[in-house]
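> Provided below are the primary sequence and the corresponding predicted coordinates.
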Amino acid sequence: MTQKTQTEIHSKAGVSQLKADIKAWAIELGFQDMGISDLDLSEAGDYLNQWVAKQYHGDMDYMHKHGSKRYTPEEMIPGTMSIISLRLDYMNTGLTPYREILEQSDKGAVSRYALGRDYHKVIRKKLKQLAQKIEQAIGAFGYRVFTDSAPVMEKAIAEKAGLGWIGKHSNLLNSKAGSYFFLGEIYTDLPLPPDEKATFHCGSCRKCLDACPTDAIVAPFQVDGRRCISYLTIENHGEIPLEFRKAMGNRIYGCDDCQMVCPWNKFTENTRVEDFAPRHDLDAPDLLVLFAWTEAEFLQKTEGSPIRRIGYLAWLRNIAVALGNAEGGKEVIDALQAKKGIVSNEMVIEHIDWALMQYQF
């Protein structure tokens with residue numbers, strides 16, 4: 001493939017053709033869709049600042065510590081002229097449905113995005129491959145790749161790039177694919193023509209608000225992270241507030257309830273990425289088996305998984321709560337007491353004690 005001259009690239013016809021080429025290359029690499037966003041994220045920035053002012057971010061200090069860089073792309077990466085936004089589906093549609101796992105109290109419910117290989121590594125590799133294809137065609141250009149990393153407002157960018165609209169649960173929705181997908185971005189100094197912002201298609205539906213176990217979706221588009229089970233089981237490194245423990249049920253890593261009830265997810269298609277296949281039977285795991293893992297086993301079985309980031313102690317904490325909500329008997333009590341005898345962490349012990357109290361009739 002011959003490299004194009006800078007004049008050819010920056011002409012109207014040139015950037016339009018390059019955009020079409022980039023989308024074709026993205027599809028070849030396994031992405032399901034691609035769009036281009038401009039740099040005006042001021043509306044999303046205003047929303048973010050209001051959200052933070054209400055303390056809805058909880059302990060997620062990274063949501064505000066970068067200031068305006070999060071919603072001013074050219075401030076974070078000087079020279080940025082456009083943003084390439086990409087979608088990669090992750091759902092394995094042949095698994096036992098998440099809804100059925102929630103109904104089995106001896107099982108652990110793990111958010112479907114976290115069952116396989118860490119998506120950061122999978123998507124970052126694909127983004128770099130796409131950037132290299134562009135470079136092969138036009139020569140060196142300025143770019144940075146991101147996927148759920150750095151101060152990047154990926155959902156707002158994807159919405160402006162036409163990949164979907166932000167639903168009332170604050171997740172991105174696509175009319176042909178639902179919401180079970182990851183997003184990735186390439187900030188670039190190429191003046192690519194932007195796509196039209198996606199339009200809103202939730203109508204009067206409020207299934208996601210009504211389904212939230214902890215009422216974390218306090219209003220349409222307003223999620224109080226401090227109440228969200230995904231926050232409580234992943235971002236939160238301390239005790240889980242008593243008021244939310246029963247509502248957690250058997251959710252031990254994340255929560256998919258608001259996506260589970262969304263009508264648009266009837267269009268979910270099976271992922272084409274083998275790396276997203278479940279590891280170590282985490283799609284429908286036995287709580288007692290997971291609770292019996294030593295720290296060495298936890299580290300070995302979560303190697304290359306997004307689950308590892310919460311650490312062994314938070315893992316035990318989450319499972320202890322789930323066991324307290326289980327319908328088990330002597331076997332569960334014995335497991336809780338046995339683990340209490342070998343762990344020294346006060347936080348874990350407190351959650352084990354809570355779980356044991358649920359079996360005192």
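Yes, it's here.

> state the distance from Val273 to Trp25.
The gap separating Val273 from Trp25 is 17 Å, by CB to CB, to the nearest Å. All C-beta spots, glycine's among them, are computed from the backbone N, C-alpha and C.

> apologies, that question was intended for Phe31.
Distance, Phe31 to Trp25, using CB to CB: 9 Å.

> looking at the two, which is more packed in?
Phe31 (22 against 19; other CB atoms under 10 Å).

> quick check: the more buried one touching Val122?
No: at 11.2 Å, Phe31 and Val122 do not qualify as touching, with contact defined as CB atoms under 8 Å.

> overlap in contacts of these two?
Leu88 (CB atoms under 8 Å, 6 or more residues apart in numbering).

> okay, strands next: where are they in this protein?
All strands of the chain, identified by DSSP state E, fall at 33-37, 82-89, 109-110, 143-146, 165-166, 172-173, 181-188, 217-219, 222-223, 251-253.

> mind listing the strands the last one pairs with, and their directions?
What that stands for is strand 251-253. strand 109-110 (parallel) (DSSP bridges).

> now the first one
Each strand that pairs with strand 33-37, with its direction, by DSSP bridges: strand 82-89 (antiparallel).

> could I have the CA atoms of the partner strand written out in PDB?
Extracted C-alpha coordinates of strand 82-89, given in PDB (Å, rounded to 0.1, in the frame of the first residue of the first chain):
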ATOM      1  CA  SER A  82     -10.500  14.100  16.200                       C
ATOM      2  CA  ILE A  83     -11.300  11.000  18.200                       C
ATOM      3  CA  ILE A  84     -11.800   7.500  16.600                       C
ATOM      4  CA  SER A  85     -14.300   5.600  18.800                       C
ATOM      5  CA  LEU A  86     -14.700   1.800  18.400                       C
ATOM      6  CA  ARG A  87     -17.000  -0.900  19.700                       C
ATOM      7  CA  LEU A  88     -16.100  -4.500  20.600                       C
ATOM      8  CA  ASP A  89     -18.900  -6.900  21.700                       C
END
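
> quick one: that strand to strand 181-188, angle?
Following axes from the mean of the first three to the mean of the last three CA atoms, to 10 degrees, one obtains 160 degrees for the angle between strand 82-89 and strand 181-188.

> and Ile252, how far from Ser111?
9 Å.

> so what's Asp59 up against?
235-237.

> return the item of the residues you listed having minimum pLDDT.
Within these, the minimum per-residue pLDDT falls on His237 (91).

> would you check that that residue makes contact with Ala314?
Yes: judged on CB under 8 Å, His237 makes contact with Ala314 at a distance of 6.3 Å.

> any idea which of the contacts of Asp59 is closest to Lys266?
The nearest member of these to Lys266, counting by CB to CB, is Glu235 at 29.7 Å.

> what's the local residue count around that closest one?
Count around Glu235 with other CB under 10 Å applied: 18.

> next: Glu43.
11.

> and it, how far from Ala292?
From Glu43 across to Ala292, the span is 49 Å (CB to CB).

> repeat for Asp281
Counting by CB to CB - Asp281 and Ala292 are separated by 14 Å.

> make sure Pro263 is actually in contact with Lys207.
Yes: counting by CB under 8 Å, Pro263 does reach Lys207; the two are 7.0 Å apart.

> re the thing from before, which one's more surrounded, His237 and Ala314?
More crowded of His237 and Ala314, by other CB under 10 Å: Ala314, with 23 against 12.

> tell me the domain ranges of this protein?
6-95+116-188, 207-357 (automatic domain parsing).

> so which of those domains is nearest Phe200?
The nearest among these, by CB to CB, is domain 6-95+116-188 at 4.9 Å.

> ok, Leu323 - contacts?
Applying CB under 8 Å, 6+ apart, the residues near Leu323 are 287-288, 291, 332, 335-336, 355.

> pick out whichever of those sits closest to Gly324.
Out of the contacts of Leu323, the member with the shortest distance to Gly324 (by CB to CB) is Ala355, at 3.1 Å.

> count the residues that sit near the closest residue to the closest one other than its chain neighbours.
Counting by CB to CB, 6 or more residues apart in numbering, Gly324 is the residue found nearest to Ala355 once chain neighbours are left out, at 3.1 Å. Neighbour count for Gly324, taken as other CB under 10 Å: 22.

> quick check: the gap between the closest residue in space to Pro213 that isn't next to it in sequence and Ile349.
In this structure, Pro213 finds its nearest non-sequential neighbour in Ala247, 4.4 Å apart by CB to CB, 6+ apart. Distance of Ala247 to Ile349, given as CB to CB: 22 Å.

> the contacts of Asp59 into TSV, with extra columns for distance to Val152?
Putting the contacts of Asp59 into TSV (distance: CB to CB, whole Å) gives the following:
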residue	distance to Val152
Glu235	17
Asn236	23
His237	23
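
> so which of those residues comes closest to Ile229?
The closest of the contacts of Asp59, once distances to Ile229 are taken by CB to CB, is Asn236, at 9.9 Å.

> the closest one: what's its closest spatial neighbour, skipping adjacent residues?
Nearest to Asn236 is Asp59, by CB to CB, 6+ apart, at 6.7 Å.
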